[in-house]
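Enquirer: The sequence isn't on hand, but the structure is:
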């Protein structure tokens with residue numbers, strides 16, 4: 001079981017990803033913005049992070065920079081409902097939310113993972 005942090009300002013996205021991951025047996029924590037996400041990350045160890053790019057206040061790119069300074073090796077899955085290209089943020093694990101419910105399963109299948117590995 002992995003300890004996973006979701007940072008996204010959209011409650012529908014939060015619920016969708018959280019339910020998929022909890023059904024797979026993972027522990028999930030949710031933050032609605034970058035400031036709260038960073039505070040949670042600093043307070044607890046996480047194995048994986050789902051991070052929205054476009055959020056009010058501290059956006060996903062700034063949040064990612066802070067998290068990378070604290071834990072350079074943590075896997076971060078960047079998610080966005082807006083049209084951007086993966087090159088814009090230099091993260092290999094980019095999921096465009098247009099794929100909706102299948103996004104998490106598609107990533108897991110592509111990466112060959114059925115579980116998230118602990119750090």
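Expert: Good, I have the coordinates. Since this is a predicted model, take the numbers as computed values, not measurements.
Enquirer: Can you spell out which helices and strands pack onto the helix or strand harbouring residue 29?
Expert: With secondary structure defined by DSSP states H and E, residue 29 is part of strand 27-31. Here strand 27-31 is seen to pack against strand 3-7, helix 11-23, helix 34-43 when contacts are counted using 3 or more C-beta pairs under 8 Å, 6 or more residues apart in numbering; DSSP states H and E. Any C-beta I mention is one placed from the backbone N, CA and C, and that applies to glycine too.
Enquirer: Indicate which one of the ones you listed is closest to residue 78.
Expert: With C-beta to C-beta as the criterion, residue 78 lies closest to strand 3-7 of those, at 10.4 Å.
Enquirer: what does that closest one rub up against?
Expert: For strand 3-7, the surrounding residues in contact (C-beta atoms under 8 Å, 6 or more residues apart in numbering) are 13-14, 17-18, 21, 26-34, 36-37, 40-41, 44-52, 55, 60, 63, 116, 118.
Enquirer: do that again at 6 Å, thanks
Expert: 14, 17, 21, 26-31, 37, 46-51 (C-beta atoms under 6 Å, 6 or more residues apart in numbering).
Enquirer: again, but for stretch 55-66
Expert: Under the contact criterion C-beta under 6 Å, 6+ apart, stretch 55-66 has outside partners 9, 33, 34, 35, 37, 38, 51, 52, 53.
Enquirer: I'd like these as TSV, with distance to residue 70, neighbour count and pLDDT appended.
Expert: As requested, the contacts of stretch 55-66 are exported to TSV (distance: C-beta to C-beta, whole Å; neighbours: other C-beta atoms under 10 Å; pLDDT from 0 to 100):
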residue	distance to residue 70	neighbour count	pLDDT
9	21	18	93
33	17	19	96
34	13	24	96
35	15	17	97
37	12	29	97
38	9	20	97
51	14	26	93
52	19	25	92
53	19	20	88
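Enquirer: As JSON lines, the residues you listed with distance to residue 1 would be great.
Expert: Shown next, in JSON lines, are the contacts of stretch 55-66 (distance: C-beta to C-beta, whole Å):
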{"residue": "9", "distance to residue 1": "26"}
{"residue": "33", "distance to residue 1": "26"}
{"residue": "34", "distance to residue 1": "26"}
{"residue": "35", "distance to residue 1": "27"}
{"residue": "37", "distance to residue 1": "20"}
{"residue": "38", "distance to residue 1": "23"}
{"residue": "51", "distance to residue 1": "21"}
{"residue": "52", "distance to residue 1": "24"}
{"residue": "53", "distance to residue 1": "27"}
